[in-house]
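Asker: Would you be able to build a 3D model of this:
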Amino acid sequence: MQISFSLPESQFIAESAEEATRKIRMYAALGLYQAGELSIGAASELAGVDRYVFLDFCKQEGVVLHTQTPEELEADVKKHSIGK
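Answerer: Below is the predicted model of the structure:
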């Protein structure tokens with residue numbers, strides 16, 4: 001799925017389009033993780049970074065990590081191991 005939208009070119013966006021896109025993906029993933037909509041693995045995938053980078057980002061933003069049940073962890077591992 002691809003979602004696109006336009007951002008106004010103004011002084012408050014001082015970085016490149018690539019950097020703005022990276023930030024939007026990170027914060028979207030963070031918000032969905034906080035809302036309980038995504039696991040850490042799925043949020044990392046949405047953000048386009050590995051799990052450890054995303055966990056560090058959560059820590060920097062002061063986000064409390066949700067504990068996964070063993071079943072959720074196993075499902076997450078299986079989902080991300082397929083085809084590797």
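Asker: Surely residue 25 touches residue 43?
Answerer: No. In this structure, residue 25 is not within contact of residue 43 by Cβ atoms under 8 Å, at 10.0 Å. Yep, even glycine has a C-beta here, placed from its N, CA and C like the rest.
Asker: Looking at those two, which has the bigger crowd around it?
Answerer: The neighbour comparison of residue 25 against residue 43 (other Cβ atoms under 10 Å) goes to residue 43, with 24 against 14.
Asker: for the host helix or strand of that one, what is the average pLDDT?
Answerer: With secondary structure defined by DSSP states H and E, residue 43 is part of helix 40-47. The pLDDT scores in helix 40-47 average 94.
Asker: From the contact counts, what lies against that helix?
Answerer: Other helices and strands packing on helix 40-47, by 3 or more Cβ pairs under 8 Å, 6 or more residues apart in numbering; DSSP states H and E, are helix 17-34, helix 51-60, helix 70-81.
Asker: and of the ones you listed, who's closest to residue 2?
Answerer: Proximity of the helices and strands packed on helix 40-47 to residue 2 was assessed by Cβ to Cβ; the nearest stretch is helix 17-34, lying at 12.0 Å.
Asker: between the closest one and helix 40-47, how big is the angle?
Answerer: With axes from the mean of the first three to the mean of the last three Cα atoms, to 10 degrees applied, the angle from helix 17-34 to helix 40-47 works out at 160 degrees.
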